[in-house]
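1. Quick one, what's the 3D model for this:
(one chain, ligands or ions: 2)
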Amino acid sequence: MKLTLRRPDDWHLHLRDGDMLAAVLPHTAARFARAIVMPNLAPPVTTTAAALAYRERILAALPAGSDFEPLMTLYLTDNTLAEEIHRAAASGAVFGVKLYPAGATTNSDSGVTHLRHCDAVLAAMEEAGMVLQVHGEVTAPGIDVFDRERVFIERVLAPAVERFPQLKVVFEHVTTADAVEFVRGARDGIAATVTPQHMLLNRNALFAGGLRPHHYCLPVLKAERHREAVLAAATSGSARFFLGTDSAPHTRGSKESSCGCAGIYSAPVGIEIYAEAFEQAGALDRLEAFASEHGARFYGLPLNDTTITLERRDWMPPAEYAAGADTLVPFRAGETVRWQLVAA
Ligand code: NCD
Ligand code: ZN
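-> Numbering: from 1, shown residues only. Ligands and ions are numbered 1, 2, ... in the order given. Below is the predicted model of the structure:
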């Protein structure tokens, strides 16, 4: 069986830089027409000038003939100025500003300590129609890691959405029934991205027969009832939910470590694995809207006019890919993936 789709976009992606960028970009560019590129480099991409320079490095790393388009973002800090938002909007190359609560995840040390510090910036974004992309977890040490998303909604997100009633917000990588319910019931201009791992895996996958560092990401995998809620939302046909892989490569050594990095490298199976999730849910007919339409409409961008084709054929991603002198272990390494991308 074959499935031809309007070419999809990835609305949440980590491409990194240097050798890592060169290693991971071809996998995304083979599948997706565009991607929202996360700004959590070290140092973070906090200015339009830095975003434009990063964009050039991405374009230079593309395989010959690829017309993949990186959609850049800025990294919000307590010190971001409203003028930076005006510059970003005027550049035509920056499509959002990412809120990382300080300390929430990889390279988030420069993140926001209190969102109230950013009110002038949020007002400028509201005015410019610039999307706020949110890593929705509180970082207070007293909050259980599995409750961080729910508490973030109460303490930070719901009040911010009220304070800025026109601000467009993407609640990134939703992982809980609470987040799904919030997005479903929110005012216009609120949407969410959904990763493949949060559709396919629950937290048992972290401990299956031993500690599984390659299933560790943030927000961390949740209990089965949350997975079911996320899967149901993504496959519901609601235009508020769209594809964002959150493919987040880290070297094998930094994953398989006494303090392993968070992030699942899913780009090599970036659309195939969603087809699997939608097939399991009996919703393959809704994959195209989720992968190729809802996100573009939310961001106010044209739909892609080319296609990709997937075939229902088992294959196995390799145990690892090279990245400079290091290696990267992909999602489903050495395991069966049920759909395969047919070469264009
Ligand atoms: C991401 C990374 O490694 O940059 N990690 C992850 O587990 N998703 C950061 C993030 O999106 O939280
Ligand atoms: Zn991410």
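
2. what ranges do the strands span in the stretch 51-200 of the chain?
-> Assigned by DSSP state E, counting those that start in this stretch, the stretch 51-200 of the chain shows strands spanning 69-75, 94-99, 131-134, 169-171, 190-194.

3. and ligand 1, which of those strands is closest to it?
-> The minimum distance between ligand 1 and the strands of the stretch 51-200 of the chain falls on strand 94-99, with 8.8 Å, by CB to the nearest ligand atom. Where C-beta positions appear, they are placed from N, C-alpha and C, glycine not excepted.

4. From the contact counts, what lies against the closest one?
-> Judged by 3 or more CB pairs under 8 Å, 6 or more residues apart in numbering; DSSP states H and E, strand 94-99 is in contact with strand 69-75, helix 82-91, strand 131-134.

5. That strand near ligand 1 anywhere?
-> No - counting by CB under 6 Å from any ligand atom, ligand 1 has no neighbours in strand 94-99; the shortest distance is 8.8 Å.

6. Adding distance to Cys118 and mean neighbour count, write the helices and strands packed on strand 94-99 out as TSV.
-> Below are the helices and strands packed on strand 94-99 laid out as TSV (distance: least, CB to CB, whole Å; neighbours: other CB atoms under 10 Å):
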stretch	distance to Cys118	mean neighbour count
strand 69-75	12	23
helix 82-91	10	17
strand 131-134	9	25
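
7. I'd like those laid out as TSV, including mean pLDDT and distance to ligand 1.
-> Shown next, in TSV, are those (pLDDT from 0 to 100; distance: least, CB to the nearest ligand atom, whole Å):
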stretch	mean pLDDT	distance to ligand 1
strand 69-75	98	11
helix 82-91	98	20
strand 131-134	98	10
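
8. circling back to that earlier point, of all the strands of the stretch 51-200 of the chain, which lies closest to Arg225?
-> Taking CB to CB, strand 190-194 is the member of those nearest to Arg225, at 16.1 Å.

9. helices or strands up against the closest one?
-> Looks like strand 190-194 contacts strand 169-171, helix 177-185, helix 224-234, strand 241-243, helix 294-299 (3+ CB pairs under 8 Å, 6+ apart).

10. Could you dump these into TSV with mean pLDDT, distance to Leu99 and mean neighbour count added?
-> Written out in TSV, the entries for those read as follows (pLDDT from 0 to 100; distance: least, CB to CB, whole Å; neighbours: other CB atoms under 10 Å):
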stretch	mean pLDDT	distance to Leu99	mean neighbour count
strand 169-171	98	9	27
helix 177-185	98	15	19
helix 224-234	98	21	20
strand 241-243	99	18	26
helix 294-299	98	17	20
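
11. still on that earlier bit, could the helices and strands packed on strand 94-99 go into TSV alongside distance to Gly270?
-> Output for the helices and strands packed on strand 94-99, formatted as TSV (distance: least, CB to CB, whole Å):
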stretch	distance to Gly270
strand 69-75	15
helix 82-91	26
strand 131-134	18
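
12. nearest to Thr48, of these?
-> Distance to Thr48, taken as CB to CB, is lowest for helix 82-91 among the helices and strands packed on strand 94-99, at 4.2 Å.

13. quick one, what contacts Ala262?
-> Counting by CB atoms under 8 Å, 6 or more residues apart in numbering, Ala262 touches 105-106, 216-218, 220, 248.

14. ok, now Gly270?
-> Shown in contact with Gly270 (CB under 8 Å, 6+ apart): 10, 27-28, 31-32, 196, 245, 247.

15. and what of Glu279?
-> Neighbours of Glu279 in contact, by CB under 8 Å, 6+ apart: 338-339.

16. Next: Ala267.
-> Going by CB under 8 Å, 6+ apart, Ala267 touches 13, 24, 27-28, 31, 245, 247, 249, 330.

17. quick revisit: nearest to Met38, out of the contacts of Ala262: which one, please.
-> Ala248 (8.2 Å).

18. Surely that closest one is in contact with Ile264, unless I've mixed up the numbering?
-> Yes - counting by CB atoms under 8 Å, Ile264 is a contact partner of Ala248 at 6.2 Å.

19. so what sits against both of the two?
-> Counting by CB under 8 Å, 6+ apart, the common neighbours of Ala248 and Ile264 are Cys217.
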